[in-house]
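Colleague: Let's see this in three dimensions:
(2 chains)
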Amino acid sequence: ETGVTQSPTHLIKTRGQQVTLRCSSQSGHNTVSWYQQALGQGPQFIFQYYREEENGRGNFPPRFSGLQFPNYSSELNVNALELDDSALYLCASSWTSGGEETQYFGPGTRLLVL
Amino acid sequence: SQKIEQNSEALNIQEGKTATLTCNYTNYSPAYLQWYRQDPGRGPVFLLLIRENEKEKRKERLKVTFDTTLKQSLFHITASQPADSATYLCALDIKSGGGADGLTFGKGTHLIIQP
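Modeller: Now for the predicted structure:
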């Protein structure tokens, strides 16, 4: 086990709604990244938070936003849901020290948008 | 943009043989490359990291090679077992402009070890 937890495990929403996914990072990790994994694809980087500030972003629109809290928890918010947002959402925590970062992934939240 | 290709969507290997998975990338020279294992319905699990100045790295039955000239990494599992059946993901970390660009993953290779 990686020590990273995510909630909920599964979620069904309708198009146009908003959703909040939650992640609890491994204790001591100062960085959290979020990924979207469509069926049969590798994870795609959404964004990363370091010490509660967004530190980098992939090719995702602004309706994908996040927060990181001092207690090693974080959130991914998605507004105006679209059908293509249906995917497995993964959070990964790591310790950023200027060198390579091994990412510890949670089990993911599977989101279905109808 | 960075493109990563893994050799095949599925690979069937007989138990006890060596499984070899390929990861090819274009357009960039990463500082390091990582391999992850993903089981159905679960998040990826880190296996090995190899740096650009390393040719080979081993961990138990796992071996990774990294050829920056060919822009290719090979991932070997020796004495394969049915429990090794999973999807294996290759990932590159590409940092630019001082910010984080996260890991760029390939689609993965679904490895099936047949008893």
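
Colleague: so after the helix or strand containing B:Cys23, what's the next helix or strand?
Modeller: Using DSSP states H and E, B:Cys23 sits in strand B:19-26. Going down the chain from strand B:19-26, the next helix or strand is strand B:32-38, by DSSP H and E.

Colleague: Using CSV, list the CA coordinates for that following strand.
Modeller: Below are the C-alpha coordinates for strand B:32-38, written out as CSV (Å, rounded to 0.1, in the frame of the first residue of the first chain):
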residue,chain,number,x,y,z
TYR,B,32,15.2,9.9,-16.1
LEU,B,33,12.6,7.3,-16.9
GLN,B,34,10.3,5.3,-14.6
TRP,B,35,8.4,2.1,-14.9
TYR,B,36,5.1,1.4,-13.1
ARG,B,37,2.9,-1.6,-12.6
GLN,B,38,-0.9,-1.2,-12.7
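
Colleague: So in that sheet, which strands flank it, and in what orientation?
Modeller: Sheet pairing for strand B:32-38, assigned by DSSP bridges, gives strand B:45-51 (antiparallel), strand B:86-93 (antiparallel).

Colleague: now those strands as a markdown table including mean pLDDT and distance to B:Lys57?
Modeller: Where C-beta positions appear, they are placed from N, C-alpha and C, glycine not excepted. Shown next, in a markdown table, are the strands paired with strand B:32-38 (pLDDT from 0 to 100; distance: least, Cβ to Cβ, whole Å):
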| stretch | mean pLDDT | distance to B:Lys57 |
| --- | --- | --- |
| strand B:45-51 | 93 | 5 |
| strand B:86-93 | 93 | 14 |
